[in-house]
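>>> quick check, what structure comes out for this input:
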Amino acid sequence: MSKTIFERIIGREIAADIIYEDDLVVAFRDIKPQAPVHALLVPKKPIPRIAEATPEDHRVLGHLLLKAAEVAAKLGLRNGYRLVINNGPDGGESVPHLHCHILGGRPMGWPPG
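Reported below is the predicted structural model:
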């Protein structure tokens, strides 16, 4: 099976504007931003989607959410931001590797999409 674009970014096979990285996750700017600030936070472990996460993934999932708040602060999103995790084709998933979108820099409407 071929690597996802995120695995290739994590492996430094593809360049990205990396904002944050530790042993579990990497954050980088989205190349097709949907808001003035749009970053992706990706676990280094390739979990295809949230529906396929297992109880053993609880550490990385909790870490992902805590780091999302830290990355949002680092990006200056003090008035708020939106976190989005897409799951499956109807949920807008385009890369089968769990990731969290951090969107901000403007007021977000509701309902989304």
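
>>> every contact and neighbour count from this point should use C-alpha atoms.
Fine.

>>> what's the average pLDDT for the longest strand seen in the chain?
Longest strand in the chain by number of residues, with DSSP state E as the criterion: strand 37-43. What strand 37-43 shows for mean pLDDT is 98.

>>> quick check: buried residues in that strand?
Using 16 or more other CA atoms under 10 Å as the burial criterion, the residues of strand 37-43 that qualify are 37-43.

>>> can I get it in CSV, CA atoms only?
Only the C-alpha atoms of strand 37-43 are listed here, as CSV (Å, rounded to 0.1, in the frame of the first residue of the first chain):
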residue,chain,number,x,y,z
VAL,A,37,-5.4,30.6,9.4
HIS,A,38,-5.6,26.9,8.4
ALA,A,39,-3.3,24.3,9.9
LEU,A,40,-3.4,20.5,10.0
LEU,A,41,-2.4,18.5,13.0
VAL,A,42,-1.5,14.9,12.1
PRO,A,43,-0.6,12.0,14.3
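
>>> gap between the helix or strand just after it and the chain center?
Next in sequence after strand 37-43, counting helices and strands by DSSP states H and E, comes helix 58-74. In terms of CA atoms, centre = their mean, to the nearest Å, the centre of helix 58-74 is set 10 Å apart from its chain centre.

>>> pLDDT averaged over helix 58-74 - what is it?
For helix 58-74, mean pLDDT rounds to 98.
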